[in-house]
Structure formats: structure tokens, C-alpha cells
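Asker: Fold the following, please.
(chains A and B)
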Protein chains: 2
Amino acid sequence: MTLTKPPTERGRRTWEKIVVAAAELFRSGGVRATSIEDVLVRSGCGKSQLYHHFSGKADLVTAVLEYQLDRFLAGQKPFLDELDSWPGIRRWLDELPSEFSDAPDVIAACPIGALAAELAGTDEQVRQALAEAFDRWTGHLAAGLTAMRDRGELTAEADPVRLARMTIATLQGGLLLARTYRDADLVHSTLEAAYAGLRSHARGQGPSSAEEPSSTAALRGDGLGDRADVGEPGAER
Amino acid sequence: MTLTKPPTERGRRTWEKIVVAAAELFRSGGVRATSIEDVLVRSGCGKSQLYHHFSGKADLVTAVLEYQLDRFLAGQKPFLDELDSWPGIRRWLDELPSEFSDAPDVIAACPIGALAAELAGTDEQVRQALAEAFDRWTGHLAAGLTAMRDRGELTAEADPVRLARMTIATLQGGLLLARTYRDADLVHSTLEAAYAGLRSHARGQGPSSAEEPSSTAALRGDGLGDRADVGEPGAER
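Answerer: Residues are numbered from 1 along each chain as shown, chains lettered A, B, ... in the order given. So this is what the prediction gives:
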């Protein structure tokens, strides 16, 4: 669901004041602990103004998601346009942690991830808005991976959408543990794993790699055979 | 910090009633939205009983973390004892998603991860308790990876503690996106990446793999060279 933004300049200013106030409050205290009244006080807007634009809290969460993702993706644009090659993906993964950290031990929560952690299990409208926000984000990588698969650089079985979601998932988990340990390097470690996971679907690097089953299938097998231990020369995993 | 549990059977029963009540409330409504009064009402315990065992909410969070992790690790025990081999690690990663899902599209939040998402940035005592909880969890894999490194199955540069934290981070991120998309398979996809990330530090599988730099160093380099594209036959990545 995409919210329609106000057509007038004045309406847009009010809209933005409310969304920025809600974003700050959601971030500092969580969504559940933030009331509509809190948003009114912080934004300096009236109740009728707020309800003119938003039917309630779920709408506000959706608007905050869109607003934050718009800004994030605008800043990432140069990287997002080059996700159709291994060096482009690597440059993006190298750059991503700096979006969330100004200092070695200070890691900001991902605003999208924080909302998902609090709300993905509660409200169906919000869950769908969260999935759409992640789709907008992962869509750039999925498009790049699709182009790579079409050029034969990924195995035919590789699922670009799933791989892109996996990559953002590892980022989210990396940020969570990095905040807990105050160790920004953990974001790099998890993104390294994401890159290795993507590379395990690469094709055409070695003589036998085109015949490799997807490693998803291998991992989800009976768990007894461990193909990766066979150590076939030239096989990418 | 480990809390000392009550010495008497009666004290332990009270302690457990309070911790179980707090765990349920934290899980359903979040920690910030749960008051001590709420815990008293739900547990049926009195204020003096609660403050006899816990100095406040941070203590309660610590106790809930320990309690939940005790139960989780006890159930995982057969897997945790065999994390010193690739097949053992794979079996554990294959099994983990089922701990959080009873049905294809229902994914429970990780109780430890949910507390971390809400609290890692707020309270220092709680942050440390969270890091200690993750340490207890990741310690099993770190011990297994250390044994593997000592046997020469991992490169000498591989950092078992960091790799173990990375693995639990990917689990957390996978659970978060799987809940958002109602798609349990995303947990498998992210754990597949974790496994690929661990395997990228494997040693002794091919003739040249012992000379490979760690892929962390490669990923964190200038981002221009892409060693993994070279496709050296027999090199594990």
C-alpha cells in the first residue's frame, strides 16, 4: 500500500511535520509506546490535520516506512544502479555498514528493521507495509541478480528475489548483534557471509560449477551428506 | 552478570512464577510497555516478593534472558555437542529453523533477538546481559570452530568467536524477514549464507586453499579487486 501524499505545498508540509515527529517517537520509544497524542504534541499539529492525512497509527507507520526508505534509497542510488555485477555488489556491501555507524562502536538501529522487529507479528496492515518496504529495498539487488542470471553469471536455479531478501536479512541480523556487542565489524562479518551465500550461486567460474545443484537444496537436504566436504577441484560453493 | 537463584524450593517457585510472567508480558507487549505492576498482577506475587529477588526491570530482563536461553540450549544440546565438524554444523543449521516455526508461514520471534531489538541501544546493564546471552549461545559454535581450526580445518586467520556471532546474526535477520514475509524458507536461505560464510574460511579442501587470505580481508578491501572472480581451480571460497 502506498499512501497518497497531499497535493498542495501546505498539505505536504503538514504531512512531513507529522511523519518526522512520528518517526522520531517510534525510534526513541517504540511504536506501541507512542500515542497519537504524543505525535500531535511533538509535531505541533492539530488532531483534525492528522486525521485528514492518516486514518490511524497503521497509516502513520506506513508513511514513516516510506519516508525513511525514500531518503535511504536516494542516498544509496549510485550503488543501487550497479548491483548487476560481483564488483558492484561487493562495493555496495562494503559501503552499507557506514550507513549505520559514525564511530567504531556506535551502531544505529535500522529504522525499517526496528519497526519490523516490533510489529511484524502484530498487525496485518503493518506487516504488509513492512514487506513492501523490504521489497522496495531488496528490489534493486533482485533486479541486478536477475540480470546476472540472464547473462549466465548465476545458476539457472538461483532465485534473485530470495537471495536479495537473504542479503538484507543478514544486514539486519548483523546490525542487531553489532549494536548488542558495540562492534561495527560484526556488520562486515555478516555481509561477508551474505556475499559468500550469493557467490555460492555463481556459475561459470569453474569447469564443473554449471552442474552444481543450488546450495539451498544441499543445505536443506537430509543433513547427512555434506557435499561441500567432497572438495571437488574447481567447484564453486 | 548471572543472577543468583534462590536457595529454597519455595523461593525458586516464586522466582520462576515472576520470570515466566515477565517473559510472557515482554514477549506480547514489549519490555517498555510492561510495568512491574503488570508483572505482579500476572504472576500473582506480591511487591515485596518481587523486590526480594529483583532490584528492578533490568534484573528481570536479565533473568528472562537466562531462563529462555537455558530452556533453548537444553533442547538444542545434542546438536551443540557436535559443532566441531562441517556435517555437525550443517545438521544444526538444518534443524534451527524448526525451533521457531510450527507451520510453513508462522515464524515465532526469537525471544533473545526481540529483547535485543528493543533494548540493545538503551540500557547498559541490559545491553551487557544481552551480549552475555548471545555469548552463551554462540560459545558452543565458537568452541567447535576453535577445535576445527586447531585441527587445521579452518584457516589460521579465522576468528571462531566472530564467525559464531555472524552465524547467530544471520539467524536473527532471517527470522525477522521470515516473520515479515510469512515465509519460513527465508530462515533457511540466510542460514545457507551463514554456512557459505563459514565454509569460506575452510582450509585444506583444495591444493591452494591454505594460501587464501581470509575473505573478510578481501571483502573489506578497497572493493575494486574481486578475488572471488578469478576462479582459481580448487580454491574454496
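Asker: A:Ser200 is in contact with B:Glu192, isn't it?
Answerer: Yes - counting by C-beta atoms under 8 Å, B:Glu192 is a contact partner of A:Ser200 at 7.4 Å. C-betas here are computed from N, CA, C, even on glycine.
Asker: Just give me the longest helix of chain A.
Answerer: helix A:124-150 (DSSP state H).
Asker: pLDDT averaged over it, what's the number?
Answerer: Helix A:124-150 carries an average pLDDT of 96.
Asker: Tell me how many other residues surround the nearest residue to A:Gly139 once chain neighbours are set aside.
Answerer: Nearest non-adjacent residue to A:Gly139, counting by C-beta to C-beta, 6 or more residues apart in numbering or on different chains: A:Ala164, 7.4 Å away. For A:Ala164, the neighbour count with other C-beta atoms under 10 Å in any protein chain shown is 24.
Asker: Report the secondary structure state of A:Ala164.
Answerer: Put simply, A:Ala164 is helix when judged by DSSP: H, G, I helix; E, B strand; the rest coil.
Asker: Against B:Val161, how distant is it?
Answerer: 29 Å (C-beta to C-beta, to the nearest Å).
Asker: Repeat that for A:Ala63.
Answerer: 41 Å.
Asker: Neighbour count for these two, which is higher?
Answerer: A:Ala63 (22 against 15).
Asker: which residues sit against the helix or strand hosting the more buried one?
Answerer: Using DSSP states H and E, A:Ala63 sits in helix A:57-80. Contacts to helix A:57-80, defined as C-beta atoms under 8 Å, 6 or more residues apart in numbering or on different chains, come from residues A:1-3, A:15-16, A:18-20, A:22-23, A:26, A:31, A:36, A:39, A:53-54, A:88, A:91-92, A:95, A:99, A:111-112, A:115, A:119, A:123, A:125-126, A:129-130, A:132-133, A:136-137, A:140.
Asker: before we move on, what about stretch A:26-45?
Answerer: Against stretch A:26-45 from outside (C-beta under 8 Å, 6+ apart): A:14, A:17-18, A:20-22, A:24-25, A:46-47, A:50, A:56-57, A:60-61, A:64, A:109, A:111, A:114-115, A:118-119, B:29-30, B:32-33, B:118.
Asker: go again using 7 Å as the cut-off
Answerer: A:14, A:17-18, A:21-22, A:24-25, A:47, A:50, A:57, A:60-61, A:64, A:111, A:114-115, A:118-119, B:29-30, B:32-33, B:118 (C-beta atoms under 7 Å, 6 or more residues apart in numbering or on different chains).
Asker: Give me the nearest residue to the spatially most central residue of chain A, chain neighbours excluded.
Answerer: By C-alpha atoms, centre = their mean, chain A has its centre lying nearest to A:Ile168, at 4.3 Å. What sits nearest to A:Ile168 in space, not counting adjacent residues and going by C-beta to C-beta, 6+ apart, is A:Thr138, at 5.2 Å.
Asker: mind checking how far the closest residue to A:Ala142 other than its chain neighbours is from chain B?
Answerer: Once flanking residues are discounted, A:Ala142 sits nearest to A:Ala164: 3.9 Å by C-beta to C-beta, 6+ apart. Per C-beta to the nearest C-beta, to the nearest Å, A:Ala164 is found 10 Å from chain B.
Asker: Touching, A:Ala164 and A:Leu145? I think so.
Answerer: Yes - the pair A:Ala164 / A:Leu145 is scored as a contact, 6.3 Å apart, by C-beta atoms under 7 Å.
Asker: element containing A:Ser48?
Answerer: helix A:47-53.
Asker: what's the average pLDDT for that helix?
Answerer: On average, helix A:47-53 scores 95.
Asker: Measure how the helix or strand A:Ala178 falls within sits relative to helix A:124-150, angle-wise.
Answerer: Using DSSP H and E, A:Ala178 maps to helix A:160-181. On the basis of axes from the mean of the first three to the mean of the last three C-alpha atoms, to 10 degrees, helix A:160-181 is oriented at 120 degrees to helix A:124-150.
Asker: what comes up buried for helix A:160-181?
Answerer: For helix A:160-181, burial by neighbour count (16 or more other C-beta atoms under 10 Å in any protein chain shown) applies to A:160, A:162-181.
Asker: Which strands or helices does that helix pack on?
Answerer: helix A:124-150, helix A:185-199, helix B:111-119, helix B:124-150, helix B:160-181, helix B:185-199 (3 or more C-beta pairs under 7 Å, 6 or more residues apart in numbering or on different chains; DSSP states H and E).
Asker: Now with 6 Å, please.
Answerer: helix A:124-150, helix A:185-199, helix B:124-150, helix B:160-181, helix B:185-199 (3 or more C-beta pairs under 6 Å, 6 or more residues apart in numbering or on different chains; DSSP states H and E).
Asker: Can you lay out those as JSON lines showing distance to B:Ala74?
Answerer: As requested, the helices and strands packed on helix A:160-181 are exported to JSON lines (distance: least, C-beta to C-beta, whole Å):
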{"stretch": "helix A:124-150", "distance to B:Ala74": "32"}
{"stretch": "helix A:185-199", "distance to B:Ala74": "27"}
{"stretch": "helix B:124-150", "distance to B:Ala74": "12"}
{"stretch": "helix B:160-181", "distance to B:Ala74": "17"}
{"stretch": "helix B:185-199", "distance to B:Ala74": "21"}
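Asker: and of the ones you listed, who's closest to B:Pro7?
Answerer: helix B:124-150 (22.2 Å; C-beta to C-beta).
Asker: packing partners for the closest one?
Answerer: Short answer (3+ C-beta pairs under 6 Å, 6+ apart): helix B:124-150 packs on helix A:160-181, helix B:57-80, helix B:111-119, helix B:160-181.
Asker: do that again at 10 Å, thanks
Answerer: helix A:160-181, helix B:57-80, helix B:86-95, helix B:111-119, helix B:160-181, helix B:185-199 (3 or more C-beta pairs under 10 Å, 6 or more residues apart in numbering or on different chains; DSSP states H and E).
Asker: Need those helices in JSON lines (columns: distance to A:Glu9 and mean pLDDT).
Answerer: Shown next, in JSON lines, are the helices and strands packed on helix B:124-150 (distance: least, C-beta to C-beta, whole Å; pLDDT from 0 to 100):
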{"stretch": "helix A:160-181", "distance to A:Glu9": "34", "mean pLDDT": "97"}
{"stretch": "helix B:57-80", "distance to A:Glu9": "46", "mean pLDDT": "94"}
{"stretch": "helix B:86-95", "distance to A:Glu9": "53", "mean pLDDT": "97"}
{"stretch": "helix B:111-119", "distance to A:Glu9": "37", "mean pLDDT": "93"}
{"stretch": "helix B:160-181", "distance to A:Glu9": "34", "mean pLDDT": "97"}
{"stretch": "helix B:185-199", "distance to A:Glu9": "41", "mean pLDDT": "96"}
